[in-house]
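# what would the 3D arrangement of this be:
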Amino acid sequence: MHFNHCFHSIQITLCISDTGMYKGSLCLYYFMDTETYDQVALNSETVGDALKFVKENEMCKICSHNGSVFSVEPPLFVELEITETEPGFKGDTATGASKPATVETGATVAVPLFVNQGDKIKIDTRTGEYLSRA
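So this is what the prediction gives:
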C-alpha cells in the first residue's frame, strides 16, 4: 500500500482475526483502507501500545510520510465490555476508590468500585482512563 500523503492520517479498519496475528519473533497487524480496500501489514514495533483498547474492525488512523508508516492512532474514545473484575456492591461510591478491571481486548483499566463484570464502559484511549458507563 502506498500513501502519497505527507504527514496525513488515513482512516482504515483494523483487521485482526484469531489467526491474523502471527506469534513468534514478529507480530503482524493487518489493516485495510475502507475506500480502496488496499491492505497493509504493520509489525508490533510500529503499532506499539496504540491498539490495546481497539477491537477488531474498529476505525483507526495510519500516519505516514513518503509511504512509510510512522504511527497508528486509535479512536479517541472506545466502549468496551468488562470481562473480569471483582464484584461491586450497591453503595460502593467511595470518592476516588477504584479497582482493576480487564476489558474485552485484554487491557487493564482502573474503574470505580460500583462497576461490574459485563458492564460496558467508555475509555479515553490517550490516557487509558475510565470515563463512564456506556
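
# every contact and neighbour count from this point should use C-alpha atoms.
OK.

# worst-scoring helix or strand of this structure, pLDDT-wise?
Here the helix or strand of the chain ranked lowest by mean pLDDT, DSSP states H and E is strand 8-15, holding a mean of 48.

# after it comes which helix or strand?
Counting by DSSP states H and E, the next helix or strand C-terminal to strand 8-15 is strand 28-33.

# let me know the angle separating the following helix or strand past that following strand from strand 28-33.
On the C-terminal side of strand 28-33, the closest following helix or strand by DSSP H and E is strand 39-43. With axes from the mean of the first three to the mean of the last three Cα atoms, to 10 degrees defining the directions, strand 39-43 sits at 150 degrees from strand 28-33.

# may I have strand 39-43 as CSV, with CA atoms only?
Listed next in CSV are the C-alpha coordinates belonging to strand 39-43 (Å, rounded to 0.1, in the frame of the first residue of the first chain):
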residue,chain,number,x,y,z
GLN,A,39,-4.2,-3.8,2.8
VAL,A,40,-1.1,-3.2,4.8
ALA,A,41,0.6,-5.3,7.4
LEU,A,42,2.4,-3.5,10.3
ASN,A,43,4.6,-5.1,12.8
